[in-house]
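Here is a sequence with its predicted model. Questions after.
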Amino acid sequence: MNAASPHIDPPLAMLAELTYRCPLRCPYCSNPLEMTAASGDMDTGQWLGVIEEAADMGVLQIHFSGGEPTVRQDLEDMVGRAEVLGIYTNLITSGVLIDQARLEGLADRGLQHIQLSFQGTEEAGADRIGGFRGGHRKKLETARLAGEIGLPLTINAVMHRQNMDDLESMIQMAVDFGAKRLEVAHVQYYGWGLRNRAALVPTREQLEHATEIVEAARERLKGILVFDYVVPDYYARYPKSCMGGWGRQFLNVTPSGRVMPCHAAETIPDMTFDSVGERPLLDIWEQSEAFTRFRGTGWMPEPCRSCDRREIDWGGCRCQALALTGNAAATDPVCEKSPEHERIAALAAAEAAAGTDEFEYRRFGQGG
Ligand code: SF4
Ligand code: SF4
């Protein structure tokens, strides 16, 4: 184990990616570029075993995600098992495959929260971004149903250059649906988002305007709607604390059972990942090479090593460092102390100004 982190608490939360299958084709999807059905989703029994192990090691929350988790007809069993074990359950969904009976059934089994993503507020534009005709209308219906059955709702608004004009109406939509929380998350640039960066990255002016809108709404809607605001950190001075620090708070289990510190970690080419069923989950969390390599501060190069923010942002995002510099152990280049910072900010500005609007949509089963 890393010398700087001799003791590690259990993870707060597990992201359970039940499948990569999804009817949508979002051009910023965080799933891997190369996804094939052949990689094989774990069966119900395997997932129930993972949930038991997570409970034993002290995980407090499970976020059922994908792909689209409702593709799986055994989702109810998993939610039910987590509920029995006293784990908080959240469903992260596109909402396009859910009808009233399904949502009520999930709530009956103990589902505590639903997080519903929207691509915009205007039907044609939202369906174009998601690559799925009729999707927006279906999402509206699912949001309405969640309110009707009293399931706490978070709306996840994924923002980028091509839907920034919808931000005000997205906020109003969240209020109208009685959502408790709105996550305004600018696209992050890895996976499909990185591949489509030129079509997604906002201008600095757009970003500043969005930030003003969110700040004003946050004040106006105090006590009504809680905001989470995630900025595209290419324009930031410092990186965000990715996943609350590598291997500190979260673990991610892929559809085939590989256990990773974050959903993009598979992009790091020389890192090996253990699988559930082959090694105890607790052991993977505490001891495995994938979880310990970048845990804590001992791995850090300068300028992070002597920086007073090193236990605030934990050096930023390893996958972003890899994607932008070719070295996963480099200082995240969105940090202004990184020698690469100016180059990255200039690149973002140039891509935003070029105004390429065409997407390369997420594909499943054909590789990247
Ligand atoms: S980002 Fe879009 S394509 Fe990817 S899993 Fe979510 S809804 Fe499906
Ligand atoms: S130098 Fe490293 S620790 Fe300091 S702010 Fe930048 S990324 Fe964070």
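All right, it came through fine. Ligands and ions are numbered 1, 2, ... in the order given.

For the stretch 51-200 of the chain, which segments count as helices?
In the stretch 51-200 of the chain, the helices defined using DSSP state H, counting those that start in this stretch lie at 75-84, 100-108, 123-130, 135-149, 167-176, 192-195, 197-200.

Out of the ones you listed, the one nearest R220 is which?
Comparing the helices of the stretch 51-200 of the chain against R220 with Cβ to Cβ, the closest turns out to be helix 167-176 (9.1 Å). Placement of C-beta: from N, CA and C, glycine included.

Could you pull out the buried residues of the closest one?
By 16 or more other Cβ atoms under 10 Å, the buried positions in helix 167-176 come out as L167, M170, I171, M173, A174.

do the same with stretch 275-294
For stretch 275-294, the neighbour count (16+ other Cβ under 10 Å) marks V276, L281, I284, W285, E286, S288, A290, F291, T292, R293, F294 as buried.

Not counting its neighbours along the chain, what's nearest the fifth one?
Leaving aside its sequence neighbours, E286 sits nearest to I8 (Cβ to Cβ, 6 or more residues apart in numbering; 6.0 Å).

residues contacting that neighbour?
M1, G247, R248, W285, E286, R295 (Cβ atoms under 8 Å, 6 or more residues apart in numbering).

And the residue lying closest to the third one once chain neighbours are set aside, how far from ligand 1?
Going back to what we said before, that points to R248. Take R248 and drop its neighbours on the chain: the residue closest to it by Cβ to Cβ, 6+ apart is R295, 6.7 Å away. Look at R295 and ligand 1: by Cβ to the nearest ligand atom, to the nearest Å, they are 27 Å apart.

Correct me if wrong: R295 contacts G244.
No - using Cβ atoms under 8 Å, R295 is not in contact with G244; the gap is 11.5 Å.

Which of the helices of the stretch 51-200 of the chain sits closest to H263?
Of these, the one closest to H263 (Cβ to Cβ) turns out to be helix 192-195, at 11.7 Å.

Are that closest one and ligand 1 in contact anywhere?
No - contact of helix 192-195 with ligand 1 (Cβ under 6 Å from any ligand atom) is absent, the minimum separation being 7.6 Å.

which of the buried residues of stretch 275-294 lies closest to ligand 2?
F294 (12.3 Å; Cβ to the nearest ligand atom).

Quick check: which element contains the closest one?
Using DSSP states H and E, F294 sits within no helix or strand.

where does the closest residue to I344 other than its chain neighbours land in three-state SS?
Spatial nearest neighbour of I344, excluding adjacent residues (Cβ to Cβ, 6+ apart): P333 at 4.9 Å. At P333 the chain is in coil, as set by DSSP: H, G, I helix; E, B strand; the rest coil.

Ok, I312 next?
coil.

Now do the contacts for it.
Contacts of I312 by Cβ under 8 Å, 6+ apart are S241.

returning to what we had before: dump the contacts of I8 into JSON lines; add secondary structure and pLDDT as well.
Listed next are those as JSON lines, based on DSSP: H, G, I helix; E, B strand; the rest coil; pLDDT from 0 to 100:
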{"residue": "M1", "secondary structure": "coil", "pLDDT": "45"}
{"residue": "G247", "secondary structure": "coil", "pLDDT": "96"}
{"residue": "R248", "secondary structure": "coil", "pLDDT": "96"}
{"residue": "W285", "secondary structure": "helix", "pLDDT": "98"}
{"residue": "E286", "secondary structure": "helix", "pLDDT": "97"}
{"residue": "R295", "secondary structure": "coil", "pLDDT": "96"}
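
now, the most widely separated pair of those?
It's M1 and R248 that sit farthest apart of these, by Cβ to Cβ, at 12.9 Å.
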